[in-house]
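Asker: Pasting the sequence and the predicted model now:
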Amino acid sequence: VGNRDDSNLYINMKLKAAAEIGISANHIKLPNTATEADVLKCIASLNADPAVHGFIVQLPLDSNKPINTEKITNAVAPEKDVDGLSSINAGKLSRGDLGDCFIPCTPKGCMELIRQTGVQVAGKRAVVIGRSKIVGAPMHDLLLWNNATVTTCHSKTSTLAEEVGKADILVVAAGRAEMVKGEWIKPGAIVIDCGINHVPDSTKASGKRVVGDVAYSSAKEKASFITPVPGGVGPMTVAMLMQSTVESAQRFLEKFQPGKWTIQYNQLTLKMPVPSDIEISKSCMPKPIDQVAKEVGLFPDEVELYGQTKAKIQLSVLKRLQNQPDGKYVVVTGITPTPLGEGKSTTTVGLVQALGAHLHQNVFACVRQPSQGPTFGIKGGAAGGGYCQVVPMEEFNLHLTGDIHAITAANNLVAAAIDARIFHELTQSDQALYNRLVPSVNGVRKFSDIQVRRLQKLGINKTDPVALTKEEINAFVRLDIDPGTITWQRVLDTNDRFLRKITIGQSVTEKGFTRTAQFDITVSSEIMAVLALADGLDDMKKRFGRMVVASSKKGQPVTVDDLGVTGALAVLMKDAVKPNLMQTLEGTPVFVHAGPFANIAHGNSSVLADKIALKLVGKDGFVVTEAGFGADIGMEKFFNIKCRYSGLRPHVVVLVATVRALKMHGGGPAVTAGVPLPKEYTEENLQLVAKGCSNLNKQIQNARMFGVPVVVAVNAFKTDTKAELALVVQHAKEAGAFDAVECTHWAEGGKGALALAQAVQRASQAPSNFRFLYNVELPVVDKIRLIAQQVYGARDIELLPEAQEKVAVYTKQGFGNLPICMAKTHLSLSHDPEQKGAPTGFVLPIRDIRASVGAGFLYPLVGTMSTMPGLPTRPCFYDIDLDSVSGEVNGLF
């Protein structure tokens, strides 16, 4: 800190010595205006950097701000404190833990000089003059633990000459010129002079010379060994600093296994019967999230804490780790589910707990953030279940870090901008609009950056607002939105059936300009899909700008950029773009980020979370992510959309199957949420299971179609029999699965998914020849047909008139080469939720096609669905409450 000449001289000596012996060293210079916080921030960064084996803080700190030197020296991590000045290293030295601490460099150098004499220290009488923290006190401890009998003298010692005369070894660090006289010294003693003092000398050009604390000329006549000043202890101090740095690197390498995390796992205390999810979650004491971050190799300045159990991760980590090889990429999907779900989230968590806590592999789970609609509606939370959960589950299932709220605000800002623009264009002249859009400020008019982009889009290459013609002004100010083409809806993260269709603009202030609109649920917003597919802030901003909200009356697409709101959206979303770090019950790390629907969107967590996780786990680690709904929907979109945009290539597909779902596909009675299961599902029925395996076989084929090995996880329920489970495993292997295993992770945590984890490890070593199903350059109809025939088993597709019209419109507007994101029921491979098993020969009806141009896909609508669910008669919120005394959340999620 600062620019003291003496400090710069000492530092340059150390840098020169480091360069001579091959240590990479650099000088971090802080200005003399640096505060204590500035210095501590710098130290924290160096503490966290595994590429730094040691660092020193050059004292004194030359700042014009008050800085507590003791606080600064103790902020240095003990394992990197190669100067040995922290209280922890001093304490270890005083206790004799010489092999587990760093010794201050001057005492260490003195000790090395004594050793070089060949004189045994053990049993000798040693005297140390001076008791400073840097030399005297540690020198005393060092001699003592080398078995000398040590006396420390100081300014208050009345019999100094007498004590010196007894010393076989004398170390002087008093800071007083030539205070120790030669006649005091015991004949044959070893004398180490640590002093540096300046005394007047008219023979020198500077008028002074350097002397030590010992009268050298007389002392050398009596001592057997004596260090000169200068040139004695000084060079040894620098040499010991180098040696300590090498020792630090050696210790680091002994503990460090390349690519291996040092992570503390939580031991589960399993209970039978398995308690409720919220009871299990509350019985677990999560690690502090900054500890989790440190364990996986994140630096403190890359972590933004949101309390004790969740944090956001800076995107800068990707740049730091850009040369780190990626780990193995695993996607968890499932067979066509019952309305109850088959446990994909539970299996995802169980698998990472098994890989991490039981097989000690670097592993990350990457999952979607759940919507509060289902949480308070009929489905409940999405944190997994049983002993395989992301914790704390109430944090996970509620606001988390506010990403969904940010999306709600951003989405509704766009909606407000659309209607406001229509209103203003209907009520103002071209010139009035222009004067308000490009106002004169202090007599100067200037286009904003986003307005310049609009001018360029219109082919107007002018930057002076005064230079536009009337025709150009008209084109610039008139978006001329056709209200009947508006596809952008308002959103809310609540299941509210009465907002499915509304009338807006009924206030008298809107002058009669009303229109019919609707609210969707927030996670269906295109902004959510953009968040999930963006690979950085800049990419997210560009995707926002490309989002199409309507068409003009001339049929031209109107974008968010045209509305001028792109920058504002980026500001609202600047924190939401950072992945959220949490943990599982067993202490393995989890990224929770983005939560797009799996019907009108692609149903996968964010590309950014996956990319960061793949770098953090390293080449031998695993990243396990989950794709929404069954393999025909979430997995297909994971491959054809997410992997296409991310450039990532998966190594393994984990396909979750249950006896319950297979019985349903085999012809069992309907499964309804909130209604007890019919006896066919609670009693052994091998015939139903065998017949239902047609769906399992088809979904295995779907995964293998993309060239990726498939491991089937048979998620066992307590009502399943051994024969039923064995039958599913047998069918899966016969259908071409790399392996199939029974899993009991819901009841046993990671231990119950151990066989699955081992199968995934083996499968990750098998050849993976990943390929897309279609080329995006194909016509829109051909891409839809390929998905319908190859993935669903359809004979053909039928485009209804509205869909045919949209194909023509989007192709004309230049969107025909986007990937396809099919919006269909998740309860059947077909468009009819009542068709179970693996139906064939059907014609898939496409009633409409819509575009998410910013996210980057077209989504055909198959059948009828609403994106704003309603609340059931008895919603989940009946069971949720807050303890007003403890502040704890109670109830079932």
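Answerer: Looks like it came in fine.
Asker: Surely P845 touches H831?
Answerer: Yes: look at P845 against H831 with C-beta atoms under 8 Å: they come within range, at 6.1 Å. Every C-beta, even on glycine, is put in place using the N, C-alpha and C of the backbone.
Asker: Now for those two: what residues contact both?
Answerer: 862-863 (C-beta atoms under 8 Å, 6 or more residues apart in numbering).
Asker: quick one: which of these two has more around it?
Answerer: Comparing P845 with H831 by other C-beta atoms under 10 Å, the one with more neighbours is H831, at 23 against 18.
Asker: For that one, which three-state class applies?
Answerer: coil (DSSP: H, G, I helix; E, B strand; the rest coil).
Asker: show me the contacts for it.
Answerer: Contact analysis of H831 by C-beta under 8 Å, 6+ apart lists 824-825, 842, 844-845, 862-863.
Asker: Also L829?
Answerer: 336, 630, 632, 695, 698, 792-793, 835, 838-839.
Asker: For A311, state which of these is nearest.
Answerer: G630 (32.7 Å; C-beta to C-beta).
Asker: ok, the closest one - contacts?
Answerer: 333-337, 699, 826, 829.
Asker: Next one: the residue of the chain most remote from its centre from R125, what distance?
Answerer: For the chain, the residue at maximal distance from the C-alpha centroid (C-alpha atoms, centre = their mean) is E183, at 68.6 Å. Distance from E183 to R125, counting by C-beta to C-beta, to the nearest Å: 18 Å.
Asker: Kindly report the same for H745.
Answerer: 67 Å.
Asker: who has more neighbours, the two?
Answerer: Legend: neighbour count by other C-beta under 10 Å for H745 and R125, higher for H745 (30 against 17).
Asker: hang on, that one packs against V352?
Answerer: No: using C-beta under 8 Å, H745 is not in contact with V352, being 10.3 Å away.
Asker: what number of residues lie near the spatially closest residue to A747 that is not a sequence neighbour?
Answerer: Spatial nearest neighbour of A747, excluding adjacent residues (C-beta to C-beta, 6 or more residues apart in numbering): V274 at 5.3 Å. For V274, the neighbour count with other C-beta under 10 Å is 16.
Asker: Quick check: closest non-adjacent residue to P325.
Answerer: Nearest to P325 is K619, by C-beta to C-beta, 6+ apart, at 3.9 Å.
Asker: Can you tell me the SS state at the one you found?
Answerer: Assigned with three-state DSSP, K619 falls in the coil class.
Asker: Use 48 as the first number from now on
Answerer: Will do, 48 is the new start, and the previous item becomes K666.
Asker: what's near enough to touch it?
Answerer: 306, 372-374.
Asker: now G281
Answerer: Counted by C-beta under 8 Å, 6+ apart, G281 has contacts I243.
Asker: host element of it?
Answerer: Element membership for G281 (DSSP states H and E) is helix 280-302.
Asker: now E771
Answerer: Element membership for E771 (DSSP H and E) is helix 769-781.
Asker: Can you tell me how far L820 is from M869?
Answerer: Distance of L820 to M869, given as C-beta to C-beta: 12 Å.
Asker: out of the two, which sits in the more crowded spot?
Answerer: Between L820 and M869, counting by other C-beta under 10 Å, M869 is the more crowded of the two (26 against 17).
Asker: Quick one: residues contacting the more buried one.
Answerer: Residues in contact with M869 (C-beta under 8 Å, 6+ apart) are 680, 683-684, 831, 834-835, 906-907, 909.
Asker: Now the element after the longest helix along the chain, going C-ward?
Answerer: In the chain, taking DSSP state H as the definition, the longest helix is helix 450-474. Later in the chain than helix 450-474, the nearest helix or strand by DSSP H and E is helix 477-484.
Asker: how about the CA coordinates for the least confident helix or strand in the chain by mean pLDDT, as PDB?
Answerer: When each helix and strand of the chain is scored by mean pLDDT, DSSP states H and E, helix 419-423 comes last, with a mean of 76. As requested, the backbone C-alpha atoms of helix 419-423 are provided in PDB (Å, rounded to 0.1, in the frame of the first residue of the first chain):
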ATOM      1  CA  GLN A 419     -45.400 -20.600  -7.100                       C
ATOM      2  CA  GLY A 420     -48.600 -21.500  -9.000                       C
ATOM      3  CA  PRO A 421     -48.200 -25.300  -8.600                       C
ATOM      4  CA  THR A 422     -46.600 -24.800  -5.200                       C
ATOM      5  CA  PHE A 423     -49.800 -23.200  -3.800                       C
END
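Asker: How far off centre is it?
Answerer: 25 Å (C-alpha atoms, centre = their mean, to the nearest Å).
Asker: Quick one: list the elements packing against it.
Answerer: In terms of contacts (3 or more C-beta pairs under 8 Å, 6 or more residues apart in numbering; DSSP states H and E), helix 419-423 is packed against no helix or strand at all.
Asker: could you dump the helix holding E771 to PDB, C-alpha only?
Answerer: Extracted in PDB, the C-alpha atoms of helix 769-781 (Å, rounded to 0.1, in the frame of the first residue of the first chain):
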ATOM      1  CA  LYS A 769     -39.700 -57.600  -6.400                       C
ATOM      2  CA  ALA A 770     -41.100 -59.500  -9.400                       C
ATOM      3  CA  GLU A 771     -42.600 -56.300 -10.900                       C
ATOM      4  CA  LEU A 772     -39.400 -54.400 -10.500                       C
ATOM      5  CA  ALA A 773     -37.300 -57.200 -11.900                       C
ATOM      6  CA  LEU A 774     -39.700 -57.400 -14.900                       C
ATOM      7  CA  VAL A 775     -39.200 -53.700 -15.700                       C
ATOM      8  CA  VAL A 776     -35.400 -54.100 -15.400                       C
ATOM      9  CA  GLN A 777     -35.500 -57.000 -17.800                       C
ATOM     10  CA  HIS A 778     -37.700 -55.200 -20.400                       C
ATOM     11  CA  ALA A 779     -35.500 -52.100 -20.200                       C
ATOM     12  CA  LYS A 780     -32.300 -54.100 -21.000                       C
ATOM     13  CA  GLU A 781     -34.000 -56.000 -23.800                       C
END
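Asker: Enumerate the positions of it that are buried.
Answerer: For helix 769-781, a neighbour-count test (16 or more other C-beta atoms under 10 Å) marks 771-772, 774-776, 778-779 as buried.
Asker: can you list the domains in this structure?
Answerer: 147-284, 324-448+622-812, 451-620, 827-908 (the TED database).
Asker: Report the mean confidence score over the helix or strand just after the helix holding G281.
Answerer: Once the chain leaves helix 280-302, the next helix or strand it forms, by DSSP H and E, is helix 324-330. The pLDDT scores in helix 324-330 average 88.
Asker: likewise stretch 358-376?
Answerer: 95.
Asker: Likewise for stretch 619-638?
Answerer: What stretch 619-638 shows for mean pLDDT is 98.
Asker: before we move on, what about stretch 166-174?
Answerer: The model assigns stretch 166-174 a mean pLDDT of 96.
Asker: gap between the two ends of it?
Answerer: Terminal residues of stretch 166-174 are spaced 16 Å apart (C-alpha to C-alpha, to the nearest Å).
Asker: Contacts for it next, please.
Answerer: So stretch 166-174 is contacted by 161-162, 190, 193-200, 210-211, 213-218, 237, 271-272 (C-beta under 8 Å, 6+ apart).
Asker: repeat for stretch 328-341
Answerer: 95, 311, 313, 316, 322, 347, 349-350, 352, 354-358, 360, 430, 436, 438-441, 628-630, 632, 634, 636, 935.
Asker: In ChimeraX, how would I select just the buried ones from those?
Answerer: In ChimeraX, this line selects whichever of these come out buried by 16+ other C-beta under 10 Å:
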select :95,313,349,350,356,357,358,360,430,436,438,439,440,441,628,629,630,632,634,636
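Asker: what are the bridge partners for V788, then?
Answerer: A760 (DSSP bridges).
Asker: which residues touch it?
Answerer: 758-761, 776, 802-803, 806.
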